[in-house]
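Colleague: Below: sequence and its predicted model.
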Amino acid sequence: MNYLERIQNTADFLKGKLDRLPKTGIVLGTGLGNLIERIQIDKVINYTDIPNFPVSTVEGHSGRLIFGTLGGKYVMAMQGRFHYYEGYEMRDVTFPIRVMKALGVKTLFVSNASGGMNPKFKIGDLMIITDHINLFPEHPLRGKNFDELGPRFPGMGHTYSERLIEKARQIGRENNIELQEGTYVGTQGPTFETPSEYRYFWRIGGDCVGMSTVPEVIVARHGDMEVFGISVITDMGNEGHIEKVSHEEVQKAAAAAEPKMTFIIERLIASFEEL
Ligand code: HPA
């Protein structure tokens, strides 16, 4: 099977298990899987049971697709994503997004944990992603373009949905949830940054840095999906204040900030009739 056929094959498999199809997709980042508890679950399918799906390996990522109702809408959520640093090809990292699109998903919510460079940020902050800088060494759209999936040279000028950002700001204001905004730098990892790398990312215009999200967002935009991204600042890498960071600390800080993030996403989904 070629790439297109694999996408269709997986979408057909999932359609066979579902009584209805979601229009909204959610990708949950490191330590941010508890949003699932807010979903009235209809179906749970382990990645290991889904044909053509890569299998997640990292601690903190349980690896299942959840279908159910959130904010009054039928959604599908990825609990656990595929990271480039795990060794997957970019086409595999972004495969689930292609499958979402093939199922009819039109809006994608992505979350992640990241290290903050912006000195105004602190650990536990939420940052609405208003833009990104792609520093991955391989591009998810590299190679033959399937015109059925999207154009050869997609624009990235309006990557993060302005109407969803504006609504999120409003939800934050009305509920006393402080929301930062900024540019997410996507790097391959798996090393956290050296002090000079954090400084470099800040100087080129990044506010936070992480090891995910950018590939999925690019593919979603290639497929003309609407995208909202939110990042939990789990550690700080601004000049003079670089703390030692571990995966456990990232998970802990993400879990602590998660209820705020879940609230924002749920309210966003509830706010738009068509999601
Ligand atoms: N750097 C890269 N990825 C991360 C970080 C970081 O500081 N924190 C959480 N994910």
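Modeller: Okay, I see it. Numbers count the residues shown, from 1 in each chain.

Colleague: Quick one: residues contacting the residue lying closest to Ser212 once chain neighbours are set aside.
Modeller: Excluding its sequence neighbours, the residue lying closest to Ser212 (Cβ to Cβ, 6 or more residues apart in numbering) is Asn112, at 5.1 Å. To be clear about C-beta, it is placed using only N, CA and C from the backbone, and glycine gets the same treatment. Counting by Cβ atoms under 8 Å, 6 or more residues apart in numbering, Asn112 makes contact with Gly29, Thr30, Leu32, Tyr184, Gly210, Ser212, Thr213, Gly229, Ile230, Ser231, Val232.

Colleague: Quick check: the fifth one touching Ala113?
Modeller: Yes. Gly210 sits in contact with Ala113 when judged by Cβ atoms under 8 Å, with a separation of 6.5 Å.

Colleague: The closest residue to the ligand within the chain and Ile265, how far apart?
Modeller: Closest approach between the chain and the ligand, counting by Cβ to the nearest ligand atom: Gly115, at 2.0 Å. Noted for Gly115: a distance of 21 Å to Ile265, by Cβ to Cβ, to the nearest Å.

Colleague: What is the burial count for Asp19?
Modeller: Counted by other Cβ atoms under 10 Å, the residues lying close to Asp19 total 9.

Colleague: and it, which of the three is it?
Modeller: Counting by DSSP: H, G, I helix; E, B strand; the rest coil, the backbone at Asp19 sits in coil.

Colleague: Help me confirm that Ala77 comes into contact with Ile26.
Modeller: Yes. Using Cβ under 8 Å, Ala77 makes contact with Ile26 at a distance of 4.0 Å.

Colleague: Spit out the residues that contact these two alike.
Modeller: Leu35, Leu70.

Colleague: How about the residues of the protein by the ligand?
Modeller: 113-115, 189, 192-193, 209-211, 234-235, 237, 245, 250 (Cβ under 6 Å from any ligand atom).

Colleague: ok so, going back, what is in contact with Gly210 and Ala113 at once?
Modeller: Contacts common to Gly210 and Ala113, judged by Cβ under 8 Å, 6+ apart, are Gly29, Ser231.

Colleague: Show me the helices in the stretch 101-250 of the chain, by range?
Modeller: Under the criterion DSSP state H, counting those that start in this stretch, the stretch 101-250 of the chain contains helices at 162-174, 195-203, 214-222, 247-271.

Colleague: Now the second one: buried residues?
Modeller: Pointing back at helix 195-203 there. Glu197, Tyr198, Arg199, Tyr200, Phe201, Trp202 (16 or more other Cβ atoms under 10 Å).

Colleague: Which strands and helices lie in contact with it?
Modeller: strand 226-238 (3 or more Cβ pairs under 8 Å, 6 or more residues apart in numbering; DSSP states H and E).

Colleague: For the strand it packs on, give the mean pLDDT please.
Modeller: Computed over strand 226-238, the mean pLDDT rounds to 93.

Colleague: Dump that strand to PDB, restricted to CA.
Modeller: C-alpha atoms of strand 226-238 as PDB (Å, rounded to 0.1, in the frame of the first residue of the first chain):
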ATOM      1  CA  GLU A 226      -8.000  24.800  11.500                       C
ATOM      2  CA  VAL A 227      -5.500  24.600  14.300                       C
ATOM      3  CA  PHE A 228      -5.300  25.700  17.900                       C
ATOM      4  CA  GLY A 229      -2.100  25.100  19.900                       C
ATOM      5  CA  ILE A 230      -1.400  25.500  23.600                       C
ATOM      6  CA  SER A 231       1.800  24.900  25.500                       C
ATOM      7  CA  VAL A 232       2.400  24.400  29.200                       C
ATOM      8  CA  ILE A 233       5.700  25.900  30.300                       C
ATOM      9  CA  THR A 234       7.300  23.200  32.400                       C
ATOM     10  CA  ASP A 235      10.800  24.600  32.800                       C
ATOM     11  CA  MET A 236      12.600  27.800  32.200                       C
ATOM     12  CA  GLY A 237      15.600  28.400  29.900                       C
ATOM     13  CA  ASN A 238      16.100  32.200  30.100                       C
END
